[in-house]
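>>> Please find the sequence and the predicted model below.
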Amino acid sequence: MSLWRRRAALGVVGVWGLVSLARLSRLVAPPEPPPGANLTPLLGFLRASITASAGYLFVEPGPFGTDTGVGQRLRYELYPRTYDDVRAAVAEADVRQLLAAEGLAFVVVPDASQYPADSWLRQSRDWLQRIEFDANRYVLAVVG
Amino acid sequence: MNAQLIGAGALAAISLEWLGLGWLSGIRFPGPGRAAASASWALRLLVGAWLVAIAQLLLALLGVGFGSLPLVLGLAAIGAILLRTVRGPSPSPSPALHRAARQVPVDRRETVGWLLLGGVLIAALVRSFVVPEAGWDAFSHWGLRAQAFANARTLVNAHSEHEYYPPVVPLLEAWLYLHLGYVSIDLAKTIWAVVGGAFGVCLGWHARLALRPAWLAPYVALGIVLASTELLEGFWTGQADLALTACLCLATLAVWQWQQHAARGWLVQAGLFAAAATLIKFEGLPRIGVLAAAVLLDGLLSRRCRYWPAVLTLVVATVAADGVWIGFELGHGIVPNAEHVGGLQPLAIGVVALALFKVFGGVRTGGGVLTAILAWGVSSRILLEPPLRLLSLVVVGQALATLAAFLLSATPPDLEVATSATRLVGQFLPLALFVGALGLVGLTQVGRDL
């Protein structure tokens, strides 16, 4: 084996050691927050508002790749309530059809400021009744 | 703190159950010494875990459920005895391997290496107890199903994000919940630290069987555990990638060991870990398919027909495991689907390459990949010849399969890379580093018979 190959091999071992040391810092890195951490104060309200046998919809505010983990957390915390989600770009009529087709009786709005001011989620609708935790966080119950 | 103590007690209890079942199976690493016997406990723990999960699945399939702990353990014990019967009377009939293991006692340098490896694994276990669960999929899928399974004490449709995914990960988390008496997603993930620790020790022992000087083995295992993208992080999150990585790597290494030493015990390990990989995650089946194809190709290149038993073992184990799960799906209204798969987009190769470069651009995410590429580049010739050729074919096959998955993705390929590349590459990166380590040791002539 040529000398340069042996030296290159030792160099790779050195790189490997440095990478391992850098990765070792993962053991003491600050923990990542759970997804949807700011949902915590809302969860009791949501469980009380949506009966365990009912289903609900969550509208992801942005396109795929911009999610914040709220949907994932809601799905876990509100089990056994049936969960489904759509993107905000889906038209109101299509959402209404989906709710009817899947028998979902509620729409959860954990942060209304994430949606445009003219979104149906923030406007008054005769087929939806708002149950408020506060002005920015509420549940919309399907009434019509 | 009380919750952590109770969690530690429950984790200790299920670990002891797994160790007991693994011991009953008679599966162990070859070598007569105390060191081989000690390392074998790590292997036994993994074997016991998969036996419990398979017993849970079978009881759910029969409509009995797994609420009765003695019933699950009894069925798993029957499985262990069956494994013992299949494995045959001796763990390794290869006199050469026995002689080699006996002739290389554990010296002080190696002891220090094992202690360092143990220290890192224990630190990762401790971290799994003190940090909260942060994995998105852990909440929306794996943890959600574990919660539903534990509450129902059987498999149920939890309406999770990917209900058609195989169930071993939530089954084992539900097993912990049944011992705990309550559901806690923060404690469920501690199982994977134990599984990851056992995997680290098994990697070390596989390296010890292949390396001369043997004292390098724990350092190689430590380097793999630390440098592999997402592997260490898998110790403290309840997502399925660590479990799949462990099973895929151990099935591959068992086939590789069998290729050289022809002991039936290795084939039993290969079959068991291949079946487990199939039942852990959606991509487990194609990953084992790639392994079988690599064994076949290596066999054809070598013109030796004794590769067929390994291929048959992998295929039979995988088909049987997948058949059980598909049977359950069909009987319970869970529709198998391929939601991730779209049309082939060959022109996206440039976008995928750019996205991969971005994802693996950092030391912590891409350092292991860079190390593997450098190690392979330096020792390229050794990797193309037996005995390392099989492992090289497996790694190249897994890399190509991962690339194909990005090009076949239903979501835009660059987004798919951004959200899943570290996990998908992490599933076979330990193997790539293992091969790289053997190549480097061979090159520097510290090693022997590669």
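The structure has been received and is ready for your questions.
>>> Walking through chain A, point out its strands one by one.
Counting by DSSP state E, residue ranges of the strands within chain A are A:55-60, A:82-87, A:106-109, A:128-134, A:137-142.
>>> Paired strands for the second one, with orientation please.
Spelled out, it's strand A:82-87. Strand A:82-87 has its sheet partners listed here by DSSP bridges as strand A:55-60 (parallel).
>>> Run the angle between the partner strand and strand A:137-142 for me.
For the pair strand A:55-60 and strand A:137-142, the angle between their directions (axes from the mean of the first three to the mean of the last three Cα atoms, to 10 degrees) equals 130 degrees.
>>> Poorly predicted segments of chain A, please.
Applying pLDDT under 70 to the predicted model, the residue ranges of chain A that meet it are A:1.
>>> domain ranges for it?
By the assignment in automatic domain parsing, chain A contains the domains A:1-30, A:37-142.
>>> Switch those domains over to CSV; also include mean neighbour count.
Heads up, the C-betas are built off the backbone N, CA and C, glycines and all. As requested, the domains of chain A are arranged in CSV below (neighbours: other Cβ atoms under 10 Å in any protein chain shown):
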stretch, mean neighbour count
domain A:1-30, 15
domain A:37-142, 16
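>>> Dump the ones you listed to TSV, plus distance to B:Leu393.
TSV is the format used below for the domains of chain A (distance: least, Cβ to Cβ, whole Å):
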stretch	distance to B:Leu393
domain A:1-30	22
domain A:37-142	34
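>>> Can you say which of those is nearest to B:Ser302?
Nearest of the domains of chain A to B:Ser302, taken as Cβ to Cβ: domain A:1-30 at 25.0 Å.
>>> from the chain's centre, how far out does that closest one sit?
Taking Cα atoms, centre = their mean, to the nearest Å, one finds domain A:1-30 lying 38 Å from the centre of the chain it belongs to.
>>> Bridged to the nearest residue to A:Leu98 once chain neighbours are set aside, which residues?
For A:Leu98, the nearest residue in space outside its immediate sequence neighbours is A:Val86; the separation is 6.6 Å by Cβ to Cβ, 6 or more residues apart in numbering or on different chains. Beta-bridge partners of A:Val86, counted by DSSP bridges, are A:Val59.
>>> Quick check: buried residues in the helix or strand hosting B:Pro70?
Taking DSSP states H and E as the definition, B:Pro70 sits inside helix B:69-87. Judged by neighbour count using 16 or more other Cβ atoms under 10 Å in any protein chain shown, the buried positions of helix B:69-87 are B:Val72, B:Leu73, B:Leu75, B:Ala76, B:Ala77, B:Gly79, B:Ala80, B:Leu83, B:Arg84, B:Arg87.
>>> Mind listing residues that contact that helix?
Helix B:69-87 is contacted by residues B:17, B:21-22, B:24-27, B:47-48, B:51-52, B:54-56, B:58-59, B:64, B:66, B:175, B:178-179, B:264-265, B:268, B:272 when judged by Cβ atoms under 8 Å, 6 or more residues apart in numbering or on different chains.
>>> Of those, keep whichever come out buried.
Here, 16+ other Cβ under 10 Å leaves B:17, B:21-22, B:24-27, B:47-48, B:51-52, B:54-56, B:58-59, B:66, B:175, B:178-179, B:264-265, B:268, B:272 buried among the contacts of helix B:69-87.
>>> mind listing which of these are in helices?
Residues of those located in helices (DSSP state H): B:17, B:21-22, B:24-25, B:47-48, B:51-52, B:54-56, B:58-59, B:175, B:178-179, B:264-265, B:268, B:272.
>>> Which ones, among these, also lie beside chain A?
Intersecting those with the surroundings of chain A, defined as Cβ under 8 Å from any Cβ of the partner chain, gives nothing.
>>> All the helices of chain A, residue numbers only.
Ranges of helices in chain A, per DSSP H, are A:3-24, A:43-49, A:70-77, A:92-102.
>>> Minimum distance to B:Pro412: which of those has it?
Proximity of these to B:Pro412 was assessed by Cβ to Cβ; the nearest stretch is helix A:70-77, lying at 19.5 Å.
>>> Would you map the helices across the stretch 51-200 of chain B?
Taking DSSP state H, counting those that start in this stretch as the test, the helices found in the stretch 51-200 of chain B are B:69-87, B:95-103, B:108-130, B:136-137, B:143-152, B:168-180, B:185-188, B:190-210.
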